[in-house]
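Visitor: A structural model of the following input is requested.
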Amino acid sequence: MTDPDREREPVRDTERTTIIQTDGGGDRGGGGVILAVLLVLVLLAVLYFLFSGSFNRAADEVGVNVNVEAPKIDVPEVRLPEKIEVNVPDKIEVKTDGDGNKAQ
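Guide: Okay, the predicted model is just below:
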């Protein structure tokens with residue numbers, strides 16, 4: 001309760017400042033970490049199944065024996081000379097219409 005003999009205090013005008021603090025989002029949840037761990041685990045599982053030979057077991061258990069005769073291929077006989085002589089000129093002259101690519 002209030003004291004009736006006491007005067008009421010005047011309301012003091014105060015300056016109010018709102019401070020918004022941002023720390024760069026450091027307090028976010030750990031969803032990205034969980035996603036990265038799950039991705040690594042799935043990748044390791046896929047690599048294990050690919051390189052462990054699990055997918056190649058069917059041919060080991062089934063006695064598959066296939067004998068196929070290779071087709072006969074007739075290759076024509078090609079005769080090449082022992083030495084091929086090429087005549088190359090000693091000097092090559094190039095004639096142009098202008099001064100070429102000289103800077104002006």
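
Visitor: Point to the helix or strand of the protein where mean pLDDT is at its lowest.
Guide: Lowest on mean pLDDT, DSSP states H and E among the helices and strands of the chain sits helix 58-61, with a mean of 56.

Visitor: Quick check: which element contains residue 76?
Guide: Counting by DSSP states H and E, there is no helix or strand that carries residue 76.

Visitor: okay, which residue is most central for this structure?
Guide: Centre of the chain computed as the mean C-alpha position; nearest residue by Cα atoms, centre = their mean is residue 43, 14.5 Å away.

Visitor: So that residue: helix, strand or coil?
Guide: Per DSSP: H, G, I helix; E, B strand; the rest coil, the secondary structure class of residue 43 is helix.

Visitor: State the distance from it to residue 49.
Guide: Distance, residue 43 to residue 49, using Cβ to Cβ, to the nearest Å: 11 Å. Where C-beta positions appear, they are placed from N, C-alpha and C, glycine not excepted.

Visitor: ditto for residue 34
Guide: Residue 34 is 23 Å from residue 49, by Cβ to Cβ.

Visitor: And for residue 7?
Guide: Residue 7 is 85 Å from residue 49, by Cβ to Cβ.

Visitor: out of those two, which sits in the busier spot?
Guide: Neighbour comparison, residue 7 and residue 49: the larger count goes to residue 49, with 11 against 6 (by other Cβ atoms under 10 Å).

Visitor: Report pLDDT for the more buried one.
Guide: With respect to pLDDT, residue 49 scores 84.

Visitor: how about low-confidence regions in this protein?
Guide: Scanning the chain for pLDDT under 70 picks out 1-4, 23-29, 54-63, 99-104.

Visitor: Let's see that with 90 instead.
Guide: Low-confidence segments of the chain (pLDDT under 90): 1-34, 48-68, 70, 80-81, 84, 88-89, 91-104.
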